[in-house]
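**Student:** sequence plus predicted model, see below.
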Amino acid sequence: MTDIMQIHNVRIVTDNEVIDNGTIQIKEGKIEKVEKGTIAPQGTVIDGRGNTLVPGFIDVHVHGAAGHDVMDASREALEGMALKLTEEGTTAFLATTMTQSKEAIEKALENAGDYIKYGQTPGNAEVIGIHLEGPFINENKAGAQPVEHIIPPSATLFDKWQEVSRGNIRLVTMDPESEAGLELCRHLSSVGVTASIGHSEATFDQAVKAADHGATHVTHLFNQMSGFHHREPGIVGAAFLDKRLKVEIIADYIHVHPEAVRAAYQMIGPDRLILITDAMRAKCLKDGTYDLGGQSVYVSGKEARLEDGTLAGSILRLEEAAEKIKKAMKMSWHDFVRITSLNAAEQTGVADKKGTITVGKDADIVLLDDQTQVSMTICKGIIAYDRRGNGAVDHRR
């Protein structure tokens, strides 16, 4: 790798404007210059003609990809995900656990914490933390989370797991219906961890009360939560109306109907919506039977389901979700950046380094063609994926 990289002849979506025919200069993994027109060529020069340059996508809810899963609790699993996710424009993600035995969760947390501190490979997507999804959830809204491992919310247990993870848990999906749930919301907020309402039957009032106690996030809107009813607006109603809450959505048009995605976008707006994949290990692989938390998941076409038909995560690529929603909502580039990167950066505490094309921030960037498909992904100044080549670039070799 050279110390300097430039991309010329490209539309650049900065934090405050859209520059046509601009140039970006990267030095030592950071954005050094963003200019209109061209500048004197230095280092590696890339012609970005026909492309739009945006911040790298950040996926705050992804369990696995390419045969790997966070619950495998291995360096190989996280490395495999970090390599493969760059193909869809993802430059950073939260390694997402699921409801399992305490021992299995602790192994996954320890592994992820060690990987974040010691194991990350330059040029791969960065694991910026851990999303603890469960086991503090409602068994009636378990979805594909194994019911036998669900336990009541516990701030004490969370503290133990945070220590095991080397302080890397950034987001916790939990049910806030009980007093213990509210106490966990309050505790998470006090230690700088995002509390997310999810897998819950909470009423509208209970969801708002959770926000009063520090919750600032909603996990995969509509899925495994109390829905909107005109006499009980539920968690969905709180997500629509409470501006303290940022809200995830799986825009694969399987988990959520296209018109429900449209309704969510119009009600919530780009300042609070976050695109996620909730993907599991079968993403990028062929149809077949795969494991998710000790359960068989049957993948056919675009769907991943348990034997009883319950949706079991997704095989969605973040690039695909972004393409769908941008075209359907006819959104501006700045709104697009909000829902694919900046909102997630804010929720995970990395907005000082990621989420916008700003001088001084990490050079985590994506070039998109005129169909909003990924042409190139660059992670901290290193080309991670180039569609003109043979896919993701394995920098371990």
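**Tutor:** Yes, it's here.
**Student:** look at the closest residue to Arg49 other than its chain neighbours and give its secondary structure.
**Tutor:** Nearest non-adjacent residue to Arg49, counting by Cβ to Cβ, 6 or more residues apart in numbering: Asn9, 4.3 Å away. Using the backbone N, CA and C atoms, a C-beta is placed for each residue, glycine as well. What DSSP: H, G, I helix; E, B strand; the rest coil gives for Asn9 is strand.
**Student:** how many neighbours does Asn9 have?
**Tutor:** 16 (other Cβ atoms under 10 Å).
**Student:** roughly how far apart are it and Gly48?
**Tutor:** The gap separating Asn9 from Gly48 is 5 Å, by Cβ to Cβ, to the nearest Å.
**Student:** wait, what's in contact with the residue nearest to Arg49?
**Tutor:** Asn21, Thr23, Thr38, Asp47, Gly48, Arg49 (Cβ atoms under 8 Å, 6 or more residues apart in numbering).
**Student:** thought the fourth one was touching Gln6?
**Tutor:** No - at 10.0 Å, Asp47 does not count as touching Gln6 under the criterion of Cβ atoms under 8 Å.
**Student:** more crowded one of the two?
**Tutor:** When neighbours are counted by other Cβ under 10 Å, Asp47 and Gln6 differ, and Gln6 comes out ahead with 23 against 11.
**Student:** each with direction, which strands does whichever strand or helix holds the more buried one pair with?
**Tutor:** Using DSSP states H and E, Gln6 falls within strand 4-13. Counting by DSSP bridges, the strands paired with strand 4-13 are strand 18-27 (antiparallel), strand 44-47 (parallel), strand 52-55 (parallel).
**Student:** returning to that earlier point: whichever of the contacts of Asn9 end up buried, select them in PyMOL.
**Tutor:** Per 16 or more other Cβ atoms under 10 Å, the buried members of the contacts of Asn9 correspond to this PyMOL selection:
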select buried, resi 23+48
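**Student:** what about stretch 344-357, how long is it end to end?
**Tutor:** End-to-end distance for stretch 344-357, by Cα to Cα, to the nearest Å: 15 Å.
**Student:** same question for stretch 112-119.
**Tutor:** Distance across stretch 112-119, first residue to last, is 9 Å (Cα to Cα).
**Student:** any regions of the stretch 251-397 of the chain where pLDDT drops low?
**Tutor:** 390-397 (pLDDT under 70).
**Student:** show me where it has strands.
**Tutor:** With DSSP state E, counting those that start in this stretch as the criterion, the stretch 251-397 of the chain has strands at 273-275, 288-292, 295-300, 303-305, 365-368, 374-379, 382-386, 391-392.
**Student:** so which of these is nearest Glu28?
**Tutor:** The closest approach between Glu28 and any of these, judged by Cβ to Cβ, belongs to strand 382-386 at 10.9 Å.
**Student:** list the buried residues of that closest one.
**Tutor:** Buried positions in strand 382-386, judged by neighbour count with 16+ other Cβ under 10 Å: Ile382, Ile383, Ala384, Tyr385, Asp386.
**Student:** likewise for stretch 212-225?
**Tutor:** By 16+ other Cβ under 10 Å, the buried positions in stretch 212-225 come out as 213-225.
**Student:** run the chain-centre distance for that stretch.
**Tutor:** Relative to its chain's centre, stretch 212-225 lies at 15 Å (Cα atoms, centre = their mean, to the nearest Å).
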